[in-house]
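**Student:** Requesting a structural model of the entry that follows:
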Amino acid sequence: MQSIKKALYAFMATLMFISCSKEDNELEVRQFDPIKDKAIGETITLSNDKGIPFPEGSKVFKNDDGVFTIVLPENMYYLIANDTRSRQLSKVAEISVHCDCTQGTDCSPLKKDGVYYCIMASTCKTCERKVYSNSRSVVLKGIINVKEEVSLINTSDKKEYKCMKTEVLNLPEVKTGINNFYLKIYNGNIPDFIKQNKEISSKEYVYVKANVFGYTMVLPVLRNSIESHNSKEIEIISKITCDCDWGTGCVKKRAFGGVYCDSGPDCASCVMYDN
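**Tutor:** Here you go, the predicted structure:
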């Protein structure tokens, strides 16, 4: 009995040590300064570097090997794949990031507008950002809040939404979220054309922009539900075109009765234009 107690105390002490060690290694990432870091901001814009999503509440811990671990807030997950062309996603609550200066020294993290970047000092000529999950090299494809509900986008909403990806639509949480949205707005009676993934069946329906877990697509709703409540705040979409501003492969597709611009593996910046 005595030996069991000793083993239990030792185990608890180990847990406390690990917990304290991790908290002691928490790092306060340097915040972008629009005046001091003006040149850095211009470099980020010109390079089209999307960085790593770093939402409010995220934490960074520095490991002994110089690699940084980003831990997301509750219910948020990074979407990762094995390589750039893979469309099979996995959800992880944390990733490891290595800001590696391959020519020179000093390539360190910086956060700007909710995004985490690896920034070169003047002593570094080439900086590479490497992402790992469970010690395995991975490609970061996006981020998702699984508790977020599908909602319509107001014209006053200035947030930038990413173009939807087919692999994101295939996530169970996203499928369930879209279905729940339809059940709510159609009072449990989802129209057949939506179930069959077809075009709008009559003029009583219209397309509107929707926020689908941080990604954008257009979904069909009843025309009178928009016109009777808020004709100015919710814009009716009559035409959708897709274009890749950086690369190739931004294609218009249909899913769950809606339309989206699929950002393929060769398109770094997919844009949806409406009307």
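
**Student:** And the strands in the stretch 51-200 of the chain, which stretches?
**Tutor:** For the stretch 51-200 of the chain, applying DSSP state E, counting those that start in this stretch gives strands covering 52-53, 59-62, 68-71, 76-81, 90-92, 94-104, 107-112, 115-120, 124-133, 136-137, 139-145, 151-152, 162-163.

**Student:** Any stretches of this structure with poor pLDDT?
**Tutor:** 1-24, 228-232, 275 (pLDDT under 70).

**Student:** in it, which spans are helices?
**Tutor:** 2-24, 38-47, 166-169, 172-185, 192-195, 223-227 (DSSP state H).

**Student:** that older thread, identify whichever of the strands of the stretch 51-200 of the chain lies nearest to residue 36.
**Tutor:** Across those, residue 36 has its closest neighbour in strand 107-112 (11.1 Å, C-beta to C-beta). In short, each C-beta sits where N, CA and C put it, glycine included.

**Student:** Against which helices or strands is that closest one packed?
**Tutor:** Judged by 3 or more C-beta pairs under 8 Å, 6 or more residues apart in numbering; DSSP states H and E, strand 107-112 is in contact with strand 30-31, helix 38-47, strand 94-104, strand 115-120, strand 124-133.

**Student:** make it 7 Å
**Tutor:** strand 94-104, strand 115-120 (3 or more C-beta pairs under 7 Å, 6 or more residues apart in numbering; DSSP states H and E).

**Student:** what's the angle between the last one and strand 124-133?
**Tutor:** Compare the direction of strand 115-120 with that of strand 124-133 by axes from the mean of the first three to the mean of the last three C-alpha atoms, to 10 degrees and you get 140 degrees.

**Student:** partner strands of strand 115-120, parallel or antiparallel?
**Tutor:** strand 52-53 (antiparallel), strand 107-112 (antiparallel) (DSSP bridges).

**Student:** from memory residue 200 sits against residue 220, does it?
**Tutor:** Yes. Assessed by C-beta atoms under 7 Å, residue 200 is found in contact with residue 220 at 5.4 Å.

**Student:** got any residues that touch both of these two?
**Tutor:** Jointly contacting residue 200 and residue 220 under the rule C-beta atoms under 7 Å, 6 or more residues apart in numbering are residue 207.

**Student:** Noted, bye for now.
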